[in-house]
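Visitor: Need coordinates for the following:
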Amino acid sequence: MNRTRFALIQRAQQRARRHSGVLSMLAVSAALLALPGIAQAGLPDIAGKANTFATWIGSAGLAVLTGAISYTGYKTLARGVQFEQVEKIFWGGVFLGTAALIAAFAIS
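Guide: Numbering: from 1, shown residues only. Model (predicted):
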């Protein structure tokens, strides 16, 4: 082997040692891009959990809304109470239930 080739090989080895961290990161990145399932293996299912949370909020909002309307209707029709006497309960239930439904819609 002649001296010039030997010097070129030594320089290439020095460059490779100097950039070994970058080259290893490049190799790992290429492997993760080639296999996206491995790259996402440790991540939780965030979208599924957000949808579940939105379902729970929507269900709670519907329950509050239904309860407030049912209570107001029962008091007004069966007991003969004036609407003004149960108006705060009715509007409170409507606002709470609607806010929960809007929050569930915003999350999903």
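Visitor: Could you measure from the closest residue to residue 81 other than its chain neighbours over to residue 54?
Guide: Counting by Cβ to Cβ, 6 or more residues apart in numbering, residue 75 is the residue found nearest to residue 81 once chain neighbours are left out, at 4.5 Å. In short, each C-beta sits where N, CA and C put it, glycine included. Look at residue 75 and residue 54: by Cβ to Cβ, to the nearest Å, they are 32 Å apart.
Visitor: Equivalent analysis for residue 29, please.
Guide: Distance, residue 29 to residue 54, using Cβ to Cβ: 35 Å.
Visitor: Between the two, tell me which one has more neighbours.
Guide: Taking other Cβ atoms under 10 Å, residue 29 and residue 54 do not tie; residue 54 has more neighbours (17 against 11).
Visitor: What strand or helix carries the more buried one?
Guide: Using DSSP states H and E, residue 54 sits within helix 46-77.
Visitor: What residues sit buried inside that helix?
Guide: By 16 or more other Cβ atoms under 10 Å, the buried positions in helix 46-77 come out as 54, 57-58, 60-61, 64-65, 68, 72, 75-76.
Visitor: any idea of the mean pLDDT in that helix?
Guide: Mean pLDDT, helix 46-77: 88.
Visitor: I'm done for today, thanks for sticking with me.
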